[in-house]
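[1] When you get a sec, could you give me coordinates for this:
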Amino acid sequence: RAAIATLAARATGAIAMLTAIGDGHITASDLTADLARQMELMGDDQVNALLLKNWGQVRESGADKTAAMDEMKQLLAQSDLPKPDVRLGRAMFAKTCQRCHILYGEGEKLGPDLTGSNRANLDYLLENIVDPSAVMAHEYRQSIFMTEDGQVITGLLRSETEKAVTVQTAEALVVVPTDEIAERRTSELSMMPDNQLQQFSPHEIRSLIAYLRGRNQVPLPAP
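    Here you go, the predicted structure:
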């Protein structure tokens with residue numbers, strides 16, 4: 001990560017790294033979303049073109065998403081609320097995020113592994129929660145398939161042969177015969193829903209964010 005971060009700090013290094021990703025010398029997953037955002041902020045046309053071509057989508061969040069992130073920051077900064085409970089935060093993670101993400105070796109690998117991500121950075125964390133499609137690697141863009149009998153299958157394309165495609169949905173690994181596919185396309189949206197925290201109470205949100213920003217695993221709350 002230190003080497004990737006060094007290359008991402010200047011346009012010349014970013015161009016060289018993104019070119020190497022395109023050539024297959026560096027794995028695209030080695031470039032994390034926070035560093036992709038950092039490179040986009042350089043405002044360099046060549047960097048942005050290579051990001052889109054060789055890594056994925058990096059765009060600015062809309063005014064509504066920015067306002068939602070600001071509201072979340074205000075909630076997290078309030079000192080007159082109960083102290084966040086990181087054990088409750090782990091339980092919240094297990095019920096929601098763990099269906100798609102791994103943290104400390106636990107969870108499913110539908111989305112990025114969060115263990116080594118820049119979770120301590122609140123701006124990075126909130127952007128990925130409130131507007132998950134803003135910074136998204138190609139490997140996490142969902143594919144949409146419509147079958148001849150009208151079924152819609154949405155998920156990550158895991159493999160493809162002449163006879164079938166294998167799609168990882170949120171529930172299962174699905175194999176679709178090629179001759180049954182009527183239509184297919186790639187979505188610009190992440191599989192992760194926007195504003196996923198709206199369903200939770202302020203204490204639950206504060207506890208989940210505190211757990212996600214931590215650097216050590218904690219026990220689950222007692223039954």
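
[2] List the residues that contact the closest residue to Met72 other than its chain neighbours.
    Excluding the flanking residues, the one nearest Met72 by C-beta to C-beta, 6 or more residues apart in numbering is Leu126, at 5.5 Å. Bear in mind the C-beta positions are built from the backbone N, C-alpha and C, glycine included. By C-beta atoms under 8 Å, 6 or more residues apart in numbering, Leu126 lies in contact with 69, 72-73.

[3] so can I have a markdown table of those showing secondary structure?
    Shown next, in a markdown table, are the contacts of Leu126 (DSSP: H, G, I helix; E, B strand; the rest coil):
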| residue | secondary structure |
| --- | --- |
| Met69 | helix |
| Met72 | helix |
| Lys73 | helix |
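
[4] List only buried entries from the residues you listed.
    Those of these that meet the buried threshold are 69, 72, by 16 or more other C-beta atoms under 10 Å.

[5] can you give me the helices in this structure?
    Here the chain has its helices, by DSSP state H, at 2-7, 11-23, 33-40, 45-54, 63-77, 86-95, 122-130, 202-213.

[6] If we go by neighbour counts, what in the shortest one is buried?
    Going back to what we said before, that points to helix 2-7. Quick answer for helix 2-7 (16+ other C-beta under 10 Å): Leu7.

[7] who touches it?
    So helix 2-7 is contacted by 13-14, 16-17, 30-32, 35 (C-beta under 8 Å, 6+ apart).

[8] just to revisit the earlier point, just the closest of the contacts of Leu126 to Arg185, please.
    Nearest to Arg185, judged by C-beta to C-beta, of the contacts of Leu126 is Met69 at 29.4 Å.
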